[in-house]
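[1] dropping the sequence and predicted coords here.
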Amino acid sequence: MTKNRHKHNPYAEWYFNTIRIQDSPASKHHKEVYGDAPYDDFLDQWKASQFDASELVKLFKEAGAEYIMPVTKHHVGIR
């Protein structure tokens, strides 16, 4: 087992955690692209301007979903 099994986590939703692991691919990428900017500096830039709840519900229905459970906060603090 490796020292840190999350070092090579490919999932975007874990980006915040993975960039904090020294020498992880995500940490290296973040440093190259964004320098020393902390992750929280990007939260205010995130906008849901193209979000269409009706289209999302339609997609869920077409996929066979019988109910939808909304969440109010993701683990990185976006509400």
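    Right, received. Where do you want to start?
[2] Ile19: neighbour count?
    Other residues near Ile19 come to 19 when the count uses other C-beta atoms under 10 Å. C-beta here means a position set from N, CA and C on the backbone, and glycine is covered the same way.
[3] that one contacts Lys28, correct?
    No - the criterion here is C-beta atoms under 8 Å, and Ile19 misses it with Lys28 at 9.1 Å.
[4] dump the residue contacts of His6.
    14, 17-18, 21, 24 (C-beta atoms under 8 Å, 6 or more residues apart in numbering).
[5] go with 7 Å
    17-18, 21 (C-beta atoms under 7 Å, 6 or more residues apart in numbering).
[6] again with Lys31
    Lys31 neighbours (C-beta under 7 Å, 6+ apart): none.
[7] and it, what's its pLDDT?
    The score at Lys31 is 95. That number is its pLDDT.
[8] just Lys73 next, same as before
    On the pLDDT scale, Lys73 is placed at 56.
[9] residue closest to the middle of the protein?
    Central residue of the chain (C-alpha atoms, centre = their mean): Glu13, 2.8 Å from the mean position.
[10] measure that one to Ala26 for me?
    Distance check for Glu13 against Ala26: by C-beta to C-beta, to the nearest Å, it reads 12 Å.
[11] next one: the nearest residue to Trp14 once chain neighbours are set aside from Tyr15, what distance?
    Sequence neighbours aside, His6 is the residue nearest to Trp14 in space, at 7.2 Å (criterion: C-beta to C-beta, 6 or more residues apart in numbering). Distance of His6 to Tyr15, given as C-beta to C-beta: 11 Å.
[12] Pro70 now?
    When C-beta to C-beta is the yardstick, Pro70 and Tyr15 sit 22 Å from each other.
[13] comparing the two, which residue is more hemmed in?
    Tyr15 (16 against 5).
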